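Visitor: Everything below, folded, please.
(2 chains)
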There are 2 protein chains.
Amino acid sequence: MDKEISQAVIRRMPRYYRYLGELIDAGVERISSNDLSSRMKVTASQIRQDLNNFGGFGQQGYGYNVKYLYEEIGKILGLNEKHNIIIVGAGNLGQALANYVKFEKFGFVIIALFDVNPDLKGQKVRGIEIHMLDELDEFVKHNKVDIATLTMPKSKADTIANHLVDLGVPAIWNFAHVDLELVDKNVVVENVHLSDSLMQLSYNIVKNKQK
Amino acid sequence: MDKEISQAVIRRMPRYYRYLGELIDAGVERISSNDLSSRMKVTASQIRQDLNNFGGFGQQGYGYNVKYLYEEIGKILGLNEKHNIIIVGAGNLGQALANYVKFEKFGFVIIALFDVNPDLKGQKVRGIEIHMLDELDEFVKHNKVDIATLTMPKSKADTIANHLVDLGVPAIWNFAHVDLELVDKNVVVENVHLSDSLMQLSYNIVKNKQK
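Guide: Residues are numbered from 1 along each chain as shown, chains lettered A, B, ... in the order given. As a prediction, the model looks like this:
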């Protein structure tokens, strides 16, 4: 792909993928952009525009082949490859993420957790072992790690993120409530800021009351 | 506020709030939009434009009063009010969220969890009681509930969401991997779709490899 596709378009792709998956489960083989549009509550022209970024996939007058489109969007999202994930920070959130079986369905496999709390050493979450943080370097040297999930306090997030990048980890899924200052700008970072999400909700509650 | 402010602007507000909070902690009393801009890595004109949506707050040539701006953005985000939260689904994710002390700092107070698993009945997470789902109606009648967090399987999400809305809960923080079909469109919904976030990460990993 030569063209730079906007992150706004990319953010909509997982939703298409989810709806197409549900259509497959429901036995639907073909769908028009109008029908897909009314189900997803976006305009048909938005759907066509979004998919045209990747070359189209629809035939005028015939609609989309659901399974084909699902698989193609899966490839666009890299879901045809397996991604190994480690979780740094085995507190409540880290353990909650490790317990999500659903991620595996999409090729995201959690292979280890790390923490500094010696009480957690050797414990397992859904069969996945919690290691001590000082075993991180050795682990990353001997295992393919595609994504490091950061679920530790924000004060340590920068140091550990940069260390992971030095070790060759190409992507960070960041739950620490901080914008990471990464020395290597070529690393992929995706933030999940739960407090920000709550604040946006709270803004809309206040605004809704004023209506 | 008469003007409709775009959600894109609102999504940036919690980040301003976070940076201003850090400036206060660092003892900074006044900051120019240029300095704020270089810290936050957005343009100074973006900052001015965003804040002008709410009437400005800066004086030309004097920059922003950090504490005043922090408080004003807090009010815009509704953080000057206390928000009571219940969590429906006391599995790993629900319990992880209940353990987040940090939310309370911003006025979000988790007052109860609910689940259908009888083994969890009466258990507490950070002192917060897990109730059975059939106690939900009575609880909501006798307690002010501002936000219901959905951390249960997606198959049950629509039914419970609509029931909560019927009970008068004005806002839903939805972690179930589904777009809620709400009968009452006047309810505020904020989605946290963790799988979607992982898929966006995975897209960017693949794209980065092709560079």
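Visitor: Can you name the next helix or strand after the longest helix seen in chain A?
Guide: When chain A is scanned for its longest helix (criterion: DSSP state H), the result is helix A:7-25. Downstream of helix A:7-25, the first helix or strand assigned by DSSP states H and E is strand A:30-31.
Visitor: and that following strand, how far from the chain's centre?
Guide: Distance of strand A:30-31 from the chain centroid (Cα atoms, centre = their mean, to the nearest Å) equals 27 Å.
Visitor: Please identify the pairing partners of that strand and their relative orientation?
Guide: Sheet pairing of strand A:30-31 (DSSP bridges) gives strand A:64-65 (antiparallel).
Visitor: tell me the mean pLDDT over the strand it pairs with?
Guide: In this model, strand A:64-65 has a mean pLDDT of 90.
Visitor: Tell me which residues are up against it.
Guide: A:29-33, A:36, A:57-58 (Cβ atoms under 8 Å, 6 or more residues apart in numbering or on different chains). Bear in mind the C-beta positions are built from the backbone N, C-alpha and C, glycine included.
Visitor: Going by distance to chain B, which of those residues wins?
Guide: Nearest to chain B among the contacts of strand A:64-65 is residue A:36, at 13.5 Å by Cβ to the nearest Cβ.
Visitor: show me the contacts for the closest one.
Guide: A:19, A:44, A:47, A:64.
Visitor: tell me which of these is nearest to residue A:204?
Guide: residue A:19 (24.2 Å; Cβ to Cβ).
Visitor: List the contacts of that closest one.
Guide: A:36, A:39-40.
Visitor: list the buried ones in the longest strand anywhere in chain A?
Guide: Longest strand in chain A, counting residues (DSSP state E): strand A:108-115. For strand A:108-115, a neighbour-count test (16 or more other Cβ atoms under 10 Å in any protein chain shown) marks A:108, A:110, A:112-115 as buried.
Visitor: Max pairwise distance over the contacts of strand A:64-65: which two?
Guide: A:29 and A:33, at 15.3 Å, using Cβ to Cβ across the contacts of strand A:64-65.
Visitor: ok, and what's touching the longest strand of chain A?
Guide: Counting by Cβ under 8 Å, 6+ apart, residues outside strand A:108-115 touching it are A:82-91, A:94-95, A:97-98, A:103-104, A:125, A:128-133, A:135-136, A:139, A:143, A:145, A:147, A:152, B:198, B:202.
Visitor: same thing with stretch A:118-136?
Guide: A:88, A:90, A:95, A:98-99, A:101, A:110-116, A:139, A:163-164, A:167.
Visitor: Report pLDDT for the closest residue to residue A:151 other than its chain neighbours.
Guide: For residue A:151, ignoring the flanking residues on the chain, the nearest one in space by Cβ to Cβ, 6 or more residues apart in numbering or on different chains is residue A:89 at 3.6 Å. For residue A:89, the model assigns a pLDDT of 96.
Visitor: Would you confirm that residue A:79 contacts residue B:200?
Guide: No - under the criterion of Cβ atoms under 8 Å, residue A:79 is not in contact with residue B:200, lying 11.5 Å apart.
Visitor: just to revisit the earlier point, of the contacts of residue A:36, just say which sits nearest to chain B.
Guide: residue A:19 (8.5 Å).
Visitor: From residue A:36, how far out is that closest one?
Guide: Residue A:19 is 7 Å from residue A:36, where distance means Cβ to Cβ, to the nearest Å.
Visitor: residue ranges of the strands in chain A, please?
Guide: A:30-31, A:64-65, A:83-88, A:108-115, A:124-125, A:128-132, A:147-150, A:171-174, A:188-191.
Visitor: coming back round to it: contacting residues for the residue nearest to residue A:151?
Guide: Contacts of residue A:89 (Cβ under 8 Å, 6+ apart): A:113-115, A:149-153, A:175.
Visitor: Low-confidence regions, chain A specifically.
Guide: For chain A, the stretches with pLDDT under 70 are A:1-3, A:56, A:58-61.
Visitor: So what are the structural domains in it, by residue number?
Guide: Per the record, chain A has its domains at A:7-76, A:83-196, by automatic domain parsing.
Visitor: tell me the most buried of those domains?
Guide: Highest mean neighbour count of these: domain A:83-196, a mean of 18 (counted as mean count of other Cβ atoms under 10 Å in any protein chain shown).
Visitor: Now do it: distance to the chain's middle.
Guide: On Cα atoms, centre = their mean, the centre of domain A:83-196 falls 13 Å from that of its chain.
Visitor: what about it, start to end distance?
Guide: Its first and final residues considered, domain A:83-196 spans 27 Å by Cα to Cα, to the nearest Å.
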